[in-house]
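>>> Predicted coordinates and the sequence they were generated for:
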Amino acid sequence: MKQKQRVGIASVGMMPFNRILEETSEEMAYRVAKDALDKAGLRRDDIDAWVVGSAVDAFSGVNESDKFLVAGAGGSGKPWFRNATSGSTAVSTPDLAYSMVASGQVDVVMCICYEKMSDNENSQKVFNYVYDPAWVRPVGLNVPLQCGIEARAYLHRYGIEEEEMAMLSVQSLGNALDNPYAQRGKAITIQDVLDSPYISWPVKVLDTSPVSDGARAAIFISEDKLKEIDDDPVYVKGIGRGADSYWYMGRRNNDLGRLDYAYLGAKQAYEMAGIKNPQTEVHVAEVYDPFTYKAMQHMEAAGLCEEGGAGKFVREGHARRDGKLPVTPSGGLLGEGNPIGAGMSRMTWTWLQVKGLAGGCQVDRDVDTAISTGWGGMYQYNATMVVGRD
Amino acid sequence: MSKTDIREPGVTIDGRIDVEYHWSAGVAGSRFFTELRDSGKIMGAKCPECKRVLVPPRIFCEECFVDTDEWVEVSHQGEILTFAESYFGLQGQRLEEPWYIGIVKLDGADGGLFHRLVPEGGEIKIGGRVEAVLEDDRKGHILDIKHFTTV
């Protein structure tokens, strides 16, 4: 990946995730933008350009929701655009913010991802309009079935067990107890997960992340500018993205159990970062985990464990906060909440971990390198980012 | 989650969005649905380079990035690649009995159709065989195939 200048991260902006009916997207954007600026000791005038991302603005019943955010995000009178690649918006938007600085066009970019899901009365009715109108929608698809066909293919291919999915849920909801921004920190047992109702086999209610509202911000900044304000600079080391056809029933690889596009995203990011063995060179990971089995697929695609080995990896405790390669020590989407685009939280937590600012979620081991991933579309998109210090 | 986690809503402005649409089935899709209606045949589009028979058909092969140049009839029978059951309806309502959907790779095609599965001829399983059940009165629509039944 060619870059005109190195890119670091000056700070991140956080707010609790929850059902937040009383705030507009603009007000949420203001909270996280202001938080990021204050933490970095920067002012609105120091930002050269903005990129914002949301996944499905139909959830909030508005079209092109970015236009509501300009003032609240601080972008009045400045260059501005929005990015959308479904759920992978969560990391593809930071990837884009990186690229704007790396190109040398600008030095400081405010990146904000947000989602407002509670405005609508029936999120399934909104999801129905994500599906192809000629080939899929009339047959009938819903979110439970969407997960069911993918999860069944994954378990069938690799022999992953429901109990291993449950272990990951216990771990993530437990991790979220220490996350001040989390919606669903909870001490639960494997049996609680196994006893929760199926939404569609093998996925159960407690394998599923909660619907949420929220936003995240991060300030991407050139190396020279970052060194002026931070004596422990953390850089973007690698980015990668993969995509596959919307026609999931007719792809060259039509086994939904293996996410070729996610392997592709990780490969690019690792090549750029010079990472040859992610199992030893990545110190903590925040993978996109709207469902437990998705976390496991993404752990494998990112090379944190062997392909098909995520169940064993979780079972042996390696993914725990005190394990050899902690995965979503923040609690992830499962524990923190899942305002889809604002799943950018995965990326913000990797920066907090490297900086040692993760509070009760800080992992036991030293962290120099961390990765985050996003996922979205009809089993289509991945985005990956590696952050770390030199 | 405790009740205190949910803050009370402020003022809301209530409304609904109700717009009619006419979604194009596309060039390849129109041919597929017309053939299905008139002859009951399931057609695929063949790529001249990689020789894949694309179902659903497209006017291009997304891998070789060339025009598909031949229409090929494929079988009404095929294999279940994956499937799922749901106790929720399409409006999110709870159901007493499950319904099933899956991806069926059709014999003679490299892809397949996403469709409803009915276990009339035995258990639904990955790798299991199924056959399309067609409507008598067909309208040029994916639901001209009522469902796939296990055989």
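Cool, the structure landed. Numbers count the residues shown, from 1 in each chain, chains lettered A, B, ... in the order given.
>>> confidence score at residue 18?
With no chain named, the answer covers chain A. We note a pLDDT of 95 for A:Asn18 in this prediction.
>>> hm, I was asking about chain B
We have a pLDDT of 87 for B:Asp18.
>>> Can I take it that it is in a helix?
No: counting by DSSP: H, G, I helix; E, B strand; the rest coil, B:Asp18 is located in no helix; its state is coil.
>>> number of nearby residues for it?
5 (other C-beta atoms under 10 Å in any protein chain shown). For the C-beta atoms, the positions are set from N, CA and C on the backbone; glycine is no exception.
>>> which residue packs closest to whichever residue of the stretch 151-300 of chain A sits closest to chain B, ignoring adjacent ones?
Each residue of the stretch 151-300 of chain A has a distance to chain B, by C-beta to the nearest C-beta, and the smallest belongs to A:Gly250, at 2.7 Å. Nearest residue to A:Gly250 in three dimensions, chain neighbours excluded: B:Gly111, at 2.7 Å (C-beta to C-beta, 6 or more residues apart in numbering or on different chains).
>>> same deal with A:Ala302?
In this structure, A:Ala302 finds its nearest non-sequential neighbour in A:Ala266, 4.6 Å apart by C-beta to C-beta, 6+ apart.
>>> Helices of chain B, start to end?
Taking DSSP state H as the test, the helices found in chain B are B:26-39.
>>> Wait, B:Glu85 touches A:Pro202, no?
No: under the criterion of C-beta atoms under 8 Å, B:Glu85 makes no contact with A:Pro202, lying 10.8 Å away.
>>> Identify the contacts common to those two.
A:Gly148 (C-beta atoms under 8 Å, 6 or more residues apart in numbering or on different chains).
>>> returning to what we had before: who are the contact partners of the residue of the stretch 151-300 of chain A closest to chain B?
Contact criterion C-beta under 8 Å, 6+ apart gives B:54-56, B:110-112 as the residues in contact with A:Gly250.
>>> sorry, back to before: Provide a list of residues in contact with the residue nearest to A:Gly250.
With contacts defined as C-beta under 8 Å, 6+ apart, B:Gly111 is in contact with A:247, A:249-251, A:254, B:44, B:52-56, B:105.
>>> now with 6 Å?
B:Gly111 makes contact with A:249-250, B:54-55, according to C-beta atoms under 6 Å, 6 or more residues apart in numbering or on different chains.
>>> In strands only, show me those.
When the contacts of B:Gly111 are checked against strands using DSSP state E, the ones located there are B:Leu54.
>>> and A:Val205, how many neighbours?
Counted with other C-beta under 10 Å, the neighbours of A:Val205 add up to 14.
>>> which ones are touching A:Cys305?
The contact partners of A:Cys305, taken as C-beta under 6 Å, 6+ apart, are A:299, A:313.
>>> pLDDT wise, what is it at?
Listed pLDDT for A:Cys305 reads 98.
>>> separation between it and chain B?
The spacing between A:Cys305 and chain B, counted by C-beta to the nearest C-beta, to the nearest Å, is 23 Å.
>>> Quick check: that residue vs A:Glu316, distance?
Applying C-beta to C-beta, to the nearest Å, one obtains 10 Å for the distance of A:Cys305 from A:Glu316.
>>> how much space is there between the nearest residue to A:Ala49 once chain neighbours are set aside and chain B?
Nearest non-adjacent residue to A:Ala49, counting by C-beta to C-beta, 6+ apart: A:Pro79, 4.0 Å away. The gap separating A:Pro79 from chain B is 31 Å, by C-beta to the nearest C-beta.
>>> same check, this time on A:Ser330
18 Å.
>>> ok, now A:Gln146?
To chain B, A:Gln146 is 8 Å away according to C-beta to the nearest C-beta.
>>> so what's the spatially most central residue of chain B closest to, chain neighbours aside?
In chain B, the centroid-proximal residue (C-alpha atoms, centre = their mean) is B:Phe114; its distance is 2.8 Å. With C-beta to C-beta, 6+ apart as the criterion, B:Phe114 has its nearest non-adjacent residue at 4.9 Å, and that residue is A:Met249.
>>> Give me the pLDDT for the one you found.
A:Met249 is assigned a pLDDT of 92 by the prediction.
>>> any low-confidence regions in chain A?
Applying pLDDT under 70 to the predicted model, the residue ranges of chain A that meet it are A:1.
>>> Run through the residues of the stretch 251-390 of chain A sitting next to chain B.
Residues of the stretch 251-390 of chain A lying near chain B by C-beta under 6 Å from any C-beta of the partner chain: A:252, A:254, A:256.
>>> Filter those down to the buried ones.
Buried subset of these (neighbour count, 16 or more other C-beta atoms under 10 Å in any protein chain shown): A:254, A:256.
>>> which residues touch A:Asp178?
Applying C-beta under 6 Å, 6+ apart, we find A:Asp178 in contact with A:360-361.
>>> roughly how far apart are it and A:Asn122?
Using C-beta to C-beta, which is the criterion applied here, A:Asp178 is 34 Å from A:Asn122.
>>> about what we covered before: pull the most distant pair out of the contacts of B:Gly111.
The most widely separated members of those are A:Met249 and B:Leu54, with 10.4 Å between them, by C-beta to C-beta.
>>> For the closest residue to B:Thr34 other than its chain neighbours, the count of nearby residues, please.
Leaving out its chain neighbours, the residue that sits closest to B:Thr34 by C-beta to C-beta, 6+ apart is B:Gly140, at 5.7 Å. B:Gly140 sits with 15 neighbouring residues when counted by other C-beta under 10 Å.
>>> Surely B:Gly140 is in contact with B:Phe32?
No: in this structure, B:Gly140 sits apart from B:Phe32 without contact. The criterion is C-beta atoms under 6 Å, and the distance is 9.2 Å.
>>> Now do the shared contacts for the two.
Looking at what touches both B:Gly140 and B:Phe32 (by C-beta under 6 Å, 6+ apart), there is no common residue.
>>> can you give me the strands in the chain?
No chain specified, so I'll use chain A. When assigned using DSSP E, the strands of chain A occupy the ranges A:7-13, A:49-53, A:80-83, A:108-116, A:198-200, A:203-204, A:213-222, A:235-243, A:284-286, A:369-376, A:381-388.
>>> hmm, I had chain B in mind actually
Shown for chain B, the strands assigned by DSSP E span residues B:42-46, B:53-54, B:70-74, B:77-88, B:94-106, B:112-118, B:129-134, B:145-150.
>>> so how far is chain B from A:Val314?
For A:Val314, the distance to chain B - C-beta to the nearest C-beta - is 22 Å.
>>> Give me every residue in chain B lying close to chain A.
B:6, B:9-10, B:23, B:25, B:29, B:54-56, B:62-63, B:81-82, B:84-86, B:88, B:90, B:92, B:101, B:103, B:111-112, B:114-116, B:126, B:142-143.
>>> could you measure A:Lys355 against A:Val367, distance?
Spatial separation of A:Lys355 from A:Val367 under the definition C-beta to C-beta is 9 Å.
>>> Would you mind telling me which of these two has the busier surroundings?
Set side by side, A:Lys355 and A:Val367 show unequal neighbour counts under other C-beta under 10 Å, the larger going to A:Val367 at 23 against 19.
>>> what residues are up against the more buried one?
Listed by C-beta under 6 Å, 6+ apart, the contact set of A:Val367 reads A:283-284, A:353-354.
>>> Phi, psi for it please.
phi -130, psi 120 (degrees, to the nearest 10).
>>> about what we covered before: looking at the strands of chain B, spot the one closest to A:Arg157.
When these are ranked by proximity to A:Arg157, the top entry is strand B:77-88, at 9.5 Å, counting by C-beta to C-beta.
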